[in-house]
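Asks: Just a sequence and a predicted model for now, questions to come.
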Amino acid sequence: RLARGTRPTMRELLLDLKIPRTYLHPEADGPLPGADALTASGVSVVPVPDCGHNVMLDNPGAFVRATAAALAD
């Protein structure tokens, strides 16, 4: 079920939320596809260094700093 995705997609849900939002992604992956649409909708797109898909497990210190910065804004 999870592999099929959701409707609306998680990205569409993120775009439509009316609260502050931040999208963390691995810096090594390069630019996030669709980042322009996220940014245009008010989502902060933040690359996190030295991590893979599991940002919070791969680099907990950077995850905490990025999360704290997002919550402080």
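Replies: On my side now, so go ahead. These figures come from a predicted structure and were not determined experimentally. Numbers count the residues shown, from 1 in each chain.
Asks: C-alpha from now on. contacts and neighbour counts both.
Replies: Fine.
Asks: quick one: which helix or strand includes the closest residue to Ser44 other than its chain neighbours?
Replies: Residue nearest to Ser44 in three dimensions, not counting chain neighbours: Thr22, with 4.5 Å by C-alpha to C-alpha, 6 or more residues apart in numbering. Here Thr22 sits within strand 21-26, counting by DSSP states H and E.
Asks: try Val45
Replies: Assigned by DSSP H and E, Val45 falls in strand 43-48.
Asks: So which elements touch the helix or strand harbouring Arg11?
Replies: Using DSSP H and E, Arg11 sits in helix 10-16. Where contact means 3 or more C-alpha pairs under 8 Å, 6 or more residues apart in numbering; DSSP states H and E, helix 10-16 is not packed against any helix or strand.
Asks: Return, as residue ranges, the portions of the protein with sub-threshold pLDDT.
Replies: Low-confidence segments of the chain (pLDDT under 70): 1-4.
Asks: change it to 80
Replies: Confidence mapping of the chain against pLDDT under 80 gives the ranges 1-6, 73.
Asks: what pairs with the spatially most central residue of it across the strands?
Replies: Nearest to the mean C-alpha position of the chain, by C-alpha atoms, centre = their mean, lies Tyr23 at 1.8 Å. For Tyr23, the beta-bridge partners are Val45 (DSSP bridges).
Asks: ok, it to Pro47 distance?
Replies: Distance from Tyr23 to Pro47, counting by C-alpha to C-alpha, to the nearest Å: 8 Å.
Asks: circling back to that earlier point, what is the subsequent helix or strand relative to the strand holding Thr22?
Replies: helix 35-40.
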